[in-house]
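>>> Next one to model:
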Amino acid sequence: MLRGNKLPHSVKDIATALGAEAFGAVSLLVNGASEPASAGSDDLALAMTPAYGDALAHGAARAAVVWPGADWQALGLEAAIIAPRARLAMAQLTQILDQPLPGLGISPHALVDETAQIADDVVVGPFTVIGAGVVIGAGCWIADHVSIGAGVQIGRDCQLHAGVRLQRNVTLGERVILQPNVALGGDGFSFVSVAPANVELARETLGEGSLQAPDDPTWHRIHSLGGVGIGNDVEIGANSTVDAGTIRATCIGQGTKIDNLVQVGHNVIVGDHCLLCAQAGVAGSTVLGDRVVVGGKAGVADNLKVGNDVVLGGGSVVLSNVPAGRVMMGYPATKMQTHIESYKALRRLPRIMRDLVRR
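Next up is the predicted model:
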């Protein structure tokens, strides 16, 4: 159950904020939102599809958000809000009801370098460390145990949750949200040997021939000097990482949303309004276009280009460039229609083999 800010809210006010229509006793006050079956009398039940209609009878809600065409009076409600697009209504409603972020000013237990420039209304939690030359814009909220390296630039109205780590040369735009333990600006996974390594030879020969131990197996570290640039309105989920670029910055475009446990490698460019879902990985120097969706556990190999409006299905592995507008699935990733045809053919193989044996 959500317990929100500036409660209670009237049904009418919530409907107005959602841009939706309200019916019945619109002056009714609610204190939060709940699933239908567990709703109390002062809760707004969320029955946004017919599948949740019957559950209203098991709760005590007097008001609910319901689907278009619902007979809300027959459902036993005193008031209703009609939501044509349920998930959009959910997004707006949770914004209305969410609790305000805690804290006021800079905690005396924070360690702030004297050269840092911090706007007057910024909140900084205890045991946070802010390095030399850091600039933090107005309206930012920074939780406890956050580490902000020297020279980091943070735009207005950003949220940095507990345990976030920002290394040197990281720049955040405005309204960026970093969930707990996000790490930005660590060195990329970039090493080189004196002679071509086996991995290089395997790529050049496509695995033909045998590989041998090199005379000098030492890996020489390539340092990452380029930092990370994060655009406006980006959100990055818990325990995700974006590595610093080698010479130029690794860049995440405005409006992009990154889920938990995602890895973005060094020199990667992610376009605007992309979605990178849980456990996805994008290898170094790859470019994702605008509005690309990378499904959960999907991977994109290094030095590739993925066009605008591409959707990569969960678990896909992209090993070559992808033109704009494609839906890709499988390993290696192919067009969705091709993947489905191949999958169907694979499932037919046992039957085909049985038929061949009988003949």
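>>> ok now stretch 218-229, how far from the chain's centre?
25 Å (CA atoms, centre = their mean, to the nearest Å).
>>> same question, stretch 343-359
Mean-position distance between stretch 343-359 and its chain equals 42 Å (CA atoms, centre = their mean).
>>> before we move on, what about stretch 187-203?
31 Å.
>>> Can you point out the buried residues in it?
Judged by neighbour count (16 or more other CB atoms under 10 Å), stretch 187-203 contains these buried residues: Gly188, Ser190, Ser193, Ala197, Leu201. Where you see a C-beta, it was placed from the backbone N, CA and C, and this is true even at glycine.
>>> And for stretch 245-253?
So for stretch 245-253, counting by 16+ other CB under 10 Å, buried means Gly245, Thr246, Ala249, Thr250, Cys251, Ile252, Gly253.
>>> can I get the residues you listed in a markdown table with pLDDT?
As requested, the buried residues of stretch 245-253 are exported to a markdown table (pLDDT from 0 to 100):
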| residue | pLDDT |
| --- | --- |
| Gly245 | 97 |
| Thr246 | 97 |
| Ala249 | 97 |
| Thr250 | 98 |
| Cys251 | 98 |
| Ile252 | 98 |
| Gly253 | 98 |
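>>> For Leu172, list each beta-bridge partner.
Ile154, Ile230 (DSSP bridges).
>>> can you pull the pLDDT of it?
pLDDT, Leu172: 98.
>>> number of nearby residues for it?
For Leu172, the tally of surrounding residues (other CB atoms under 10 Å) stands at 28.
>>> oh, and call the first residue 818 from now on, that's how I've got it
Got it, the first residue is 818 from now on, which makes the last one we talked about Leu989.
>>> which ones among the buried residues of stretch 1004-1020 are found in helices?
Among the buried residues of stretch 1004-1020, the ones falling in helices (DSSP state H) are Leu1018.
>>> tell me which helix or strand of the protein sits lowest on mean pLDDT?
strand 819-820 (a mean of 36; mean pLDDT, DSSP states H and E).
>>> Okay, buried residues for stretch 835-851 please.
Residues Leu835, Ala837, Ala839, Phe840, Gly841, Val843, Leu845, Val847, Asn848, Gly849, Ala850, Ser851 are the ones in stretch 835-851 that count as buried (16+ other CB under 10 Å).
>>> Serialize the buried residues of stretch 1062-1070 to TSV and add fields for secondary structure and distance to Val987.
Listed next are these as TSV, based on DSSP: H, G, I helix; E, B strand; the rest coil; distance: CB to CB, whole Å:
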residue	secondary structure	distance to Val987
Gly1062	strand	11
Thr1063	coil	15
Ala1066	coil	9
Thr1067	strand	10
Cys1068	strand	12
Ile1069	strand	11
Gly1070	coil	16
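>>> now those residues in JSON lines, with distance to Lys1152?
Formatted as JSON lines, those follow (distance: CB to CB, whole Å):
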{"residue": "Gly1062", "distance to Lys1152": "31"}
{"residue": "Thr1063", "distance to Lys1152": "33"}
{"residue": "Ala1066", "distance to Lys1152": "33"}
{"residue": "Thr1067", "distance to Lys1152": "29"}
{"residue": "Cys1068", "distance to Lys1152": "28"}
{"residue": "Ile1069", "distance to Lys1152": "27"}
{"residue": "Gly1070", "distance to Lys1152": "25"}
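>>> which of the residues you listed are the two that sit furthest away from each other?
Farthest apart among the buried residues of stretch 1062-1070 by CB to CB are Thr1063 and Gly1070. That separation is 19.6 Å.
>>> circling back to that earlier point, and the next element down the chain from the least confident helix or strand of the chain?
strand 826-827 (DSSP states H and E).
>>> which residues touch the helix or strand just after that next one?
Next in sequence after strand 826-827, counting helices and strands by DSSP H and E, comes helix 828-835. Helix 828-835 has contacts (CB atoms under 8 Å, 6 or more residues apart in numbering) with 838-839, 841-847, 861, 880, 896, 898, 900, 906, 909-910, 913.
>>> how does it look with 10 Å?
For helix 828-835, contacts defined as CB atoms under 10 Å, 6 or more residues apart in numbering pick out 826-827, 837-847, 850, 861, 879-882, 895-900, 902, 905-910, 912-914.
>>> Only the buried residues of it, if you could.
Val828, Asp830, Ile831, Ala832, Leu835.
>>> Tabulate these (a markdown table), appending distance to Arg985 and pLDDT.
Converted to a markdown table, the buried residues of helix 828-835 look like this (distance: CB to CB, whole Å; pLDDT from 0 to 100):
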| residue | distance to Arg985 | pLDDT |
| --- | --- | --- |
| Val828 | 50 | 95 |
| Asp830 | 46 | 93 |
| Ile831 | 45 | 93 |
| Ala832 | 48 | 93 |
| Leu835 | 43 | 90 |
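>>> In what element of secondary structure is the closest residue to Trp889 other than its chain neighbours found?
Spatially, and ignoring its direct neighbours in sequence, Trp889 is nearest to Ala897 (3.6 Å; CB to CB, 6 or more residues apart in numbering). Ala897 is part of strand 896-899, with elements assigned from DSSP H and E.
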